[in-house]
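In: have a look; sequence and predicted model below, questions after that.
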Amino acid sequence: MRGPNILITGTPGTGKSTLAQIVASLCPKLRYIDIGAAVKERTLHDGRDEEFDSYVLNEDKIVDEFEDMVGVEGNTIVDFHTCDFFPERWFDLVVVLRADIGQLNQRLQKRDNKIDENIQCEIMQVVLEDATESYRKELIMELESNDTQQMESNAEKIMEWVNSR
Ligand SMILES: Nc1ncnc2c1ncn2[C@@H]1O[C@H](COP(=O)(O)OP(=O)(O)O)[C@@H](O)[C@H]1O
């Protein structure tokens, strides 16, 4: 039987990679997979979309690339802002991170990329809706991530879930 897999998703800037890496450091058996980095490094895309200033994801290539690691072996924590093209069977827990718009704005200003688009995405709850349409309700854990206290309690909640399995 494969080990557990956790997907951490949410609008860019909500704190996915920070949280996923905290959980991976607390639970060494979980391997951290940064899909955004893999798309670039392993060319899991069909070139750049200049209008949207992003890579055109090749979803089939992404799924094929990680099928053995996630779909067969398990024990992973996967970080990506898009959640609707992974096979549902991959994940046992889907964490959707949320942040207040003011917080998100401050964080995105520092990174200076696609601020308006990502703020609209959070206001419209795009990732939460995609998650709700793609995964069974009981898999989804929606968590607020506005300050370090919430970040720590989110990591604890995920660790409780891991330890209860
Ligand atoms: N709960 C939080 N409270 C305060 N700052 C946070 C929190 N989560 C993330 N951050 C900060 O926000 C920025 C974006 O976080 P990051 O983990 O890169 O987000 P994402 O992976 O969702 O794009 C980083 O500077 C990070 O330190």
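Out: Yep, it's here.
In: going forward, measure contacts and count neighbours with C-alpha atoms only.
Out: OK.
In: around the ligand, which positions in the chain sit nearby?
Out: 12-18, 107, 145-148, 150-151 (Cα under 6 Å from any ligand atom).
In: just the buried ones from those?
Out: 12-17, 107, 145-146, 151 (16 or more other Cα atoms under 10 Å).
In: partner residues bridging the closest residue to Tyr32 other than its chain neighbours?
Out: In space, and not counting its chain neighbours, Tyr32 is closest to Ile77: 4.9 Å by Cα to Cα, 6 or more residues apart in numbering. Beta-bridge pairing of Ile77 under DSSP bridges involves Ile6, Tyr32.
In: Leu57 now?
Out: Residues in beta-bridge contact with Leu57 (DSSP bridges): His45.
In: pretty sure it is touching His45, no?
Out: Yes. In this structure Leu57 lies within contact range of His45 using Cα atoms under 8 Å: 4.5 Å.
In: what do those two both touch?
Out: Val39 (Cα atoms under 8 Å, 6 or more residues apart in numbering).
In: from the buried ones among the residues of the chain next to the ligand, which ones fall inside helices?
Out: Under the assignment DSSP state H, these contribute 16-17, 107, 151 to helices.
In: now these as a markdown table including pLDDT and distance to Asn163?
Out: A markdown table is the format used below for these (pLDDT from 0 to 100; distance: Cα to Cα, whole Å):
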| residue | pLDDT | distance to Asn163 |
| --- | --- | --- |
| Lys16 | 98 | 21 |
| Ser17 | 98 | 21 |
| Arg107 | 96 | 32 |
| Met151 | 98 | 18 |
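In: what's the closest of these to Lys40?
Out: Taking Cα to Cα as the measure, Lys40 lies nearest Ser17 of these, at 16.1 Å.
In: number of residues surrounding the nearest residue to that closest one once chain neighbours are set aside?
Out: Using Cα to Cα, 6+ apart and skipping residues adjacent in sequence, the residue nearest Ser17 is Asp79, 6.3 Å away. Each residue near Asp79 was counted by other Cα atoms under 10 Å, and the total is 25.
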